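Student: Need a 3D model of the following:
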Amino acid sequence: MESKNKFWKGALVGALVTAFAGLIIVGISTGILLIGRTAIGSDLKAESSSSQDEENQLNVNRISGKVAALQQLIDQYYLFDEDVQEVEDWIYKGMLYGLEDPYTAYYTAEEYATLTEETEGQYHGIGVMVSQDMNTGIITVIQVFDGPAKEAGMKPGDILYKVGDTEVSGMDLNLLVSDYIKGDDGTFVDLTVYRESSEEYIEMSVERRQVEAETVECEMLADKTGYITVTQFDAVTTDQFKEAVDDLEKQGMESLVIDLRNNPGGVLDTVVSMLDYMLPDDLVIEGDPDLERDQPEKTLLVYISDKRGEGTQYYCSDGHEVKVPVAVLVNDQSASASEVFAGAMKDYGKAEIVGVQTFGKGIVQTLFPLDNGTAVKMTTAHYFTPSGQDIHGKGIEPDVLVELNEELKSQLDIPTEEDNQLQEAIKVLVRESGE
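Tutor: You can find the predicted model right below:
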């Protein structure tokens, strides 16, 4: 037991792959959550492009003939049974993999259903977010939502050791989720976690059921400084964010820190609605980009442009704004929709961006539903901040550069008074208030 304890204690959180237990991986390394939710609809179907030059098109007849020849070889010589559905799925997966775009993928019916569940913020699972150290394979609980896991006694920082009798350290998260943790509502999964604070292994039986992700948390800090943490941009996040802002305003908030560190992104409609709630409707930018605005009198929040130069512009329209000094905290894992939010607030001079340069994902993925419940997620456009900045591969530079103290980087739960990045954001707001 002592050697096991030393092993766990020696493991740091490190480079994380993030997942909801019983759900789907959402980490940056696997594609980041969709930004382009508005394009999701049952009317979207994959169609061949007649305008494509012939030399750039696949020779479908030749490929079909080769596939038929391969199937003949399988039928005549393959030793084991063939799972024809699995083979067919991998034909489609392989085709899109050949595009060499980590954000483009084919989803089976089961995978697509899970993805849809993910972006809605409603889950059938145990109600935790876990991360896996890509070097050690150790899986650590980083957030516990109100629900079954919390009721069973699970805490952030717990290391997932066993599911049933199976040790899961190093296991692929997709496999862990689909084959071990997911299950029917009302059934139970037996888990063993290692809790470093008490150096003990704890067994618990956790019921599987629907859980709503708490993507927003808020509190009032000293000197009437509101503090809102947004962990991702799900469909449920807009209402949670507005409720947090309203609650802090009722408490007399005089300044606000919005924490987007480690936020991998999410749904475009969500971040647009949140920006709309923060900003007035009639802002313009000095040196406005060379863009023909659909609504020149409105505040442009973000716009997207596809391979033909066509796209959509998103504007403020709700008549609401937050009239206190704002700082936005970011780090190198703040991506996609997080960068849309930070970029718009920075472009209009409505927030100081504090932290380190963001991840740099400035491309849009669209979901195209196919037959039999399957779908394709495909990169379809670039997005641009209101000033016309394309941040893909570059990220957003903070106004105030400050690295998280080295000794804090391996901690999952950092007290606010010890968080040097947060404390710097508060100092920035104090300076602004004094000007």
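Student: Without its sequence neighbours, what residue ends up closest to residue 209?
Tutor: Nearest in space to residue 209, with sequence neighbours left out and distances taken as C-beta to C-beta, 6 or more residues apart in numbering, is residue 185 at 5.0 Å. No exception for glycine: its C-beta is placed from N, CA and C like everyone else's.
Student: Just the pLDDT at the one you found, thanks.
Tutor: The pLDDT attached to residue 185 in the predicted structure is 87.
Student: before we move on, what about residue 123?
Tutor: With respect to pLDDT, residue 123 scores 59.
Student: for the residue nearest to residue 209, what are its contacts?
Tutor: Counting by C-beta atoms under 8 Å, 6 or more residues apart in numbering, residue 185 touches 124, 208, 209, 210.
Student: What is the nearest of those residues to residue 140?
Tutor: Residue 140 has its nearest neighbour among those in residue 208, at 20.6 Å by C-beta to C-beta.
Student: Leaving aside the residues adjacent along the chain, what's closest to the closest one?
Tutor: Here the nearest residue to residue 208 in space, its sequence neighbours aside, is residue 183; by C-beta to C-beta, 6+ apart that works out to 4.8 Å.
Student: Could you measure from residue 168 over to residue 139?
Tutor: Summarising the geometry, the distance separating residue 168 from residue 139, computed by C-beta to C-beta, to the nearest Å, is 6 Å.
Student: That should have said residue 428, apologies.
Tutor: For residue 428, the distance to residue 139 under the criterion C-beta to C-beta works out to 36 Å.
Student: roughly how far apart are the nearest residue to residue 322 once chain neighbours are set aside and residue 331?
Tutor: Leaving out its chain neighbours, the residue that sits closest to residue 322 by C-beta to C-beta, 6+ apart is residue 278, at 5.0 Å. Residue 278 sits at a distance of 20 Å from residue 331 (criterion: C-beta to C-beta).
Student: Also residue 233?
Tutor: When C-beta to C-beta is applied, the distance between residue 233 and residue 331 equals 16 Å.
Student: shaky segments in the stretch 301-435 of the chain?
Tutor: Using pLDDT under 70 as the threshold, the predicted model of the stretch 301-435 of the chain has low-confidence ranges 410, 412, 434-435.
Student: Determine the number of other residues adjacent to residue 140.
Tutor: 24 (other C-beta atoms under 10 Å).
Student: Same check on residue 282?
Tutor: Taking other C-beta under 10 Å as the criterion, the count of residues near residue 282 is 10.
Student: Need phi/psi at it.
Tutor: Reported as degrees, to the nearest 10, the phi and psi values for residue 282 are phi -130, psi 40.
Student: residue contacts, it?
Tutor: 297, 298, 299, 316.
Student: swap the cut-off to 10 Å and go again
Tutor: With contact set as C-beta atoms under 10 Å, 6 or more residues apart in numbering, residue 282 has these partners: 297, 298, 299, 316, 321.
Student: Please, a ChimeraX command that selects the buried ones among these?
Tutor: Only the buried members of these enter the following ChimeraX selection, criterion being 16 or more other C-beta atoms under 10 Å:
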select :298,299,316,321
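Student: Can you tell me which of the contacts of residue 282 is closest to residue 132?
Tutor: Taking those together and measuring to residue 132 by C-beta to C-beta, the closest member is residue 316, at 38.9 Å.
Student: Surely the closest one touches residue 274?
Tutor: No - Residue 316 lies out of contact with residue 274 (C-beta atoms under 10 Å); the separation is 11.2 Å.
Student: show me where the stretch 301-435 of the chain has helices.
Tutor: Under the criterion DSSP state H, counting those that start in this stretch, helices of the stretch 301-435 of the chain are mapped to 337-347, 420-434.
Student: mind putting the ones you listed in TSV, mean neighbour count and distance to residue 394 included?
Tutor: TSV is the format used below for these (neighbours: other C-beta atoms under 10 Å; distance: least, C-beta to C-beta, whole Å):
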stretch	mean neighbour count	distance to residue 394
helix 337-347	27	10
helix 420-434	18	21
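Student: can you pull out the helices in the stretch 101-250 of the chain?
Tutor: With DSSP H, counting those that start in this stretch as the criterion, the stretch 101-250 of the chain has helices at 109-120, 148-151, 173-175, 237-250.
Student: same for the longest strand anywhere in the chain, what does it pack against?
Tutor: Of all the elements of type strand in the chain, the one with the most residues (DSSP state E) is strand 375-384. Using 3 or more C-beta pairs under 10 Å, 6 or more residues apart in numbering; DSSP states H and E as the contact definition, the elements that strand 375-384 packs against are helix 84-97, strand 105-107, helix 109-120, strand 300-306, helix 337-347, strand 363-369.
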